[in-house]
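Trainee: Pasting a predicted model and its sequence here:
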Amino acid sequence: MLQATPVAQAVAARTPGSVVAANLPFLLQGLWVTIQLAALSLLLALALGIFFGVLRTVPLRPLRAIGTAYVEFFRNTPLLIQMYFTFFALPWLGVRLPGFQAAFLSLGIYTGAFVAEVVRSGILAISRGQVEAARSLGLSYVQTMRHVILPQAFSLTVPPLGNLVIAMTKNTSVASAIAVQDVMYNGNILNSRTFATYEVFAAVGAGYLALTVPLSFAVNRVERHLTRFRR
């Protein structure tokens, strides 16, 4: 009869939740890194998304082509490959970025391509008559976009943008592949030390839920408010 190894005996002797309870500060530290990464990436994604989303609707074809090239390239290539390129390939060009910065740039640029499409769809949903009316009042193209089109477009894009924020928060887990010490990375480290796979990753999943569920409720509330306002 085969005897259990010391590791197997130690695993069997643990009480449920003991590993997570003993290492909770370690996991919370990773969760804080995840929050920072998501917040900074969101700011970059919104900035790029609004810029390139507007660029895709301007009358000048060369500018539209630049916006389209950005969206199609970054939207249709995997985030992990983009992150690997930023972290491993840029040093060949003389640009060395710490893991966190590489993940922040990659995730922000990647998500920005999706934000650009959402912004573009919101702009195109506005009646062409409003643009013509604004131009007839003497507003320039920039003034029309700033004061007439974009405020209405943003109110239409809250639900898809909210979904993108939730998806981006979950996508921060990819940063663990380049040794960013987020909650997923710390969970992997803890699992390799304790072999408490189910317990550790259940806690990691709960950490992501703690971030995404409030976001979902906030998006739904804002959407209901804007719907009442439009009525």
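Mentor: Perfect, thanks for sending it. Numbering: from 1, shown residues only.

Trainee: lowest-pLDDT helix or strand in the protein?
Mentor: Least confident element among the helices and strands of the chain, by mean pLDDT, DSSP states H and E: helix 6-13 (a mean of 45).

Trainee: buried set for whichever helix or strand comes after that one?
Mentor: Using DSSP states H and E, the helix or strand that follows helix 6-13 in sequence is helix 18-22. Of the residues in helix 18-22, 19-20 count as buried by neighbour count, 16 or more other CB atoms under 10 Å. C-beta: built from backbone N, CA, C; applies to glycine.

Trainee: again, but for stretch 136-145
Mentor: 139, 144-145.

Trainee: Low-confidence regions, this protein specifically.
Mentor: Along the chain, segments meeting pLDDT under 70 span 1-17, 226-231.

Trainee: can we see that at 80?
Mentor: 1-17, 127-132, 134-143, 146-147, 150-151, 153-155, 223-231 (pLDDT under 80).

Trainee: Need the residue closest to the centroid of it.
Mentor: Met168 (2.1 Å; CA atoms, centre = their mean).

Trainee: Just the element for that one, please.
Mentor: Residue-wise, Met168 maps onto helix 158-171 under DSSP H and E.

Trainee: biggest helix in this structure by residues?
Mentor: For the chain, the longest helix by residue count, based on DSSP state H, is helix 197-230.

Trainee: My read is that Leu37 contacts Ser106, right?
Mentor: No. Look at Leu37 against Ser106 with CB atoms under 8 Å: they stay out of range, at 10.5 Å.

Trainee: neighbour count winner among the two?
Mentor: Ser106 (27 against 23; other CB atoms under 10 Å).

Trainee: What number of residues are in the vicinity of the residue lying closest to that one once chain neighbours are set aside?
Mentor: Nearest non-adjacent residue to Ser106, counting by CB to CB, 6 or more residues apart in numbering: Met83, 4.2 Å away. For Met83, the neighbour count with other CB under 10 Å is 23.
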